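Peer 1: Sequence and predicted structure are below.
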Amino acid sequence: MMIFCCIAILLFLLLLLFGERSSRFAPFQRLLKKNLLPALVISLLYFLGQAIGTLRLDSILPSLPGTVLIFCLAALGLTFAKSCPGYEPLPAVACFERKSGRLRKLGSVLLFSALLVAALFMIGAISPMFFRLFHEPDLRSQAASSLPAANNFLAFPLLLAGAGVAEESMFRLFFQSLFRCIFKRSWAAIVLSALCFALYHLTPFNAMYQVYWQFPLSQFFSVFFAGLVFGVFYEKFGFETTVLGHTFSDYIGVLLMPG
């Protein structure tokens, strides 16, 4: 994970600082510069969510490297996405910039976010099948209890930062957009980003993911199918929808978990 973070930040710096020296990368660099402001907003949303969700001053400095990483991933991901002809990763933001159809687009984001939540809960409803199939214990409540939020109310901004902004910036905005540019096939990008998403949830990234190792196969397949759903919604409805849908689905799941 650390290696990937360093590569992403280094790639961002190289393209931003030296891209104009190459005729091949100069158009990409110009587009990258246009995406710095929305990337900054995305990274600040992550930072504020982390700070508010933990209510601890000693968590601010540790969250700065993650904020830098989210900024780089968001800038690169937006640039990859906008390099694909006819694709807009931030449709709601684009409507506000054009000052047309803003209320309708905002309503559609909320509607499709709710549909995404419903689809994810359908996957959650069938996930016990995986636990029975692989004879693994269902320890999702234990995993959810490892969230460092001060209380359930403050779990929302923390999940907005981590599940919503961070994971969607990495797996949909960055990886899916990158795979779309490479393979020129949206279905391939969706499947590959979902695979990365599932594998990521079995890394020793935090206490929650360490609990997942006690039911790795069930976790992998359930997250992979969820990643496919996220990928389709990102492709069809944009980044704003997946961020809201991801955040609310995880937050409702935390609230419904038995104590």
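Peer 2: Great, that's in hand. Numbers count the residues shown, from 1 in each chain.

Peer 1: Just the strands from the chain, written as ranges.
Peer 2: Here the chain has no strands by DSSP state E.

Peer 1: for it, what helix or strand is lowest in average pLDDT?
Peer 2: helix 140-144 (a mean of 80; mean pLDDT, DSSP states H and E).

Peer 1: which helices and strands sit right next to it?
Peer 2: Using 3 or more C-beta pairs under 8 Å, 6 or more residues apart in numbering; DSSP states H and E, the elements in contact with helix 140-144 are helix 207-212. Using the backbone N, CA and C atoms, a C-beta is placed for each residue, glycine as well.

Peer 1: Can you name every helix or strand that the helix it packs on contacts?
Peer 2: Using 3+ C-beta pairs under 8 Å, 6+ apart as the contact test, the elements touching helix 207-212 are helix 140-144.

Peer 1: longest single helix anywhere in the protein?
Peer 2: The longest helix of the chain (DSSP state H) is helix 102-134.

Peer 1: Tell me which residues of it come out buried.
Peer 2: For helix 102-134, burial by neighbour count (16 or more other C-beta atoms under 10 Å) applies to 105, 108-109, 112-113, 116-117, 119-120, 123-124, 127, 130-131.

Peer 1: Tell me the one among these nearest to residue 152.
Peer 2: Using C-beta to C-beta, residue 117 comes nearest to residue 152 of the buried residues of helix 102-134, at 17.3 Å.

Peer 1: Is there a neighbour count for the closest residue to that closest one other than its chain neighbours? I'd like the number.
Peer 2: Once flanking residues are discounted, residue 117 sits nearest to residue 249: 4.6 Å by C-beta to C-beta, 6 or more residues apart in numbering. If you count neighbours by other C-beta atoms under 10 Å, residue 249 ends up with 26.

Peer 1: which residues of the protein fall in helices?
Peer 2: Counting by DSSP H, the helices of the chain are 2-18, 26-34, 36-54, 60-83, 91-98, 102-134, 140-144, 152-159, 168, 177-183, 186-200, 207-212, 216-237, 239-256.

Peer 1: Buried deepest among these, which one?
Peer 2: helix 168 (a mean of 27; mean count of other C-beta atoms under 10 Å).

Peer 1: Can you list the neighbours in contact with it?
Peer 2: 230, 234, 239, 242, 243, 246 (C-beta atoms under 8 Å, 6 or more residues apart in numbering).

Peer 1: And for stretch 225-239?
Peer 2: Stretch 225-239 is contacted from outside by 88-92, 108-109, 112, 115-116, 119-120, 123, 168, 171-173, 176, 186, 189-191, 193-198, 241-242, 245-246, using C-beta under 8 Å, 6+ apart.
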